[in-house]
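A.B. asks: any chance you can model this:
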Amino acid sequence: MKQKTHSGAKKRLRQLSSGKVKRKQCGMRHLLSKHSSKGKRNLGKGAYVHSANYYHVHSLLNF
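C.D. replies: Below is the predicted model of the structure:
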């Protein structure tokens, strides 16, 4: 039986052609007054899944 893709992971993660997995950063929903403008600006950018977590993400996305 084929494995299903984890529906939460497919909404939050994207695989790039290079093989890396792109994700969003947390901390941009509320309580933003404690963050500096520079910090908020950098949190808005995407990030890559760390190589230590790649095997887990690989099993969620089935690629």
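A.B. asks: would you map the strands across this structure?
C.D. replies: For the chain, the strands defined by DSSP state E occupy 14-15, 21-23, 47-48.
A.B. asks: where does pLDDT dip in the chain?
C.D. replies: Low-confidence segments of the chain, defined by pLDDT under 70: 63.
A.B. asks: tell me the centre residue of it?
C.D. replies: residue 23 (2.1 Å; C-alpha atoms, centre = their mean).
A.B. asks: you'd agree it is up against residue 16?
C.D. replies: No - under the criterion of C-beta atoms under 8 Å, residue 23 makes no contact with residue 16, lying 11.1 Å away. For the C-beta atoms, the positions are set from N, CA and C on the backbone; glycine is no exception.
A.B. asks: re the thing from before, packed most tightly, which of the strands of the chain would that be?
C.D. replies: strand 21-23 (a mean of 18; mean count of other C-beta atoms under 10 Å).
A.B. asks: mind listing residues that contact that strand?
C.D. replies: Identification of contacts with strand 21-23 by C-beta atoms under 8 Å, 6 or more residues apart in numbering yields 12-16, 46-49, 54, 57, 61.
A.B. asks: check those residues against residue 2 and report the nearest one.
C.D. replies: Of all these, residue 61 has the smallest distance to residue 2: 13.5 Å, by C-beta to C-beta.
A.B. asks: dump the residue contacts of the closest one.
C.D. replies: 5-6, 9-10, 13, 15, 21.
A.B. asks: for those, pick the one with the most neighbours.
C.D. replies: In terms of neighbours by other C-beta atoms under 10 Å, the contacts of residue 61 top out with residue 21 at 22 neighbours.
A.B. asks: now that one. Nearest residue, chain neighbours left out?
C.D. replies: Nearest residue to residue 21 in three dimensions, chain neighbours excluded: residue 49, at 4.1 Å (C-beta to C-beta, 6 or more residues apart in numbering).
A.B. asks: surely that neighbour and residue 13 touch.
C.D. replies: Yes - counting by C-beta under 8 Å, residue 49 does reach residue 13; the two are 7.0 Å apart.
A.B. asks: now do the shared contacts for these two.
C.D. replies: Counting by C-beta under 8 Å, 6+ apart, the residues touching both residue 49 and residue 13 are 21-23, 57.
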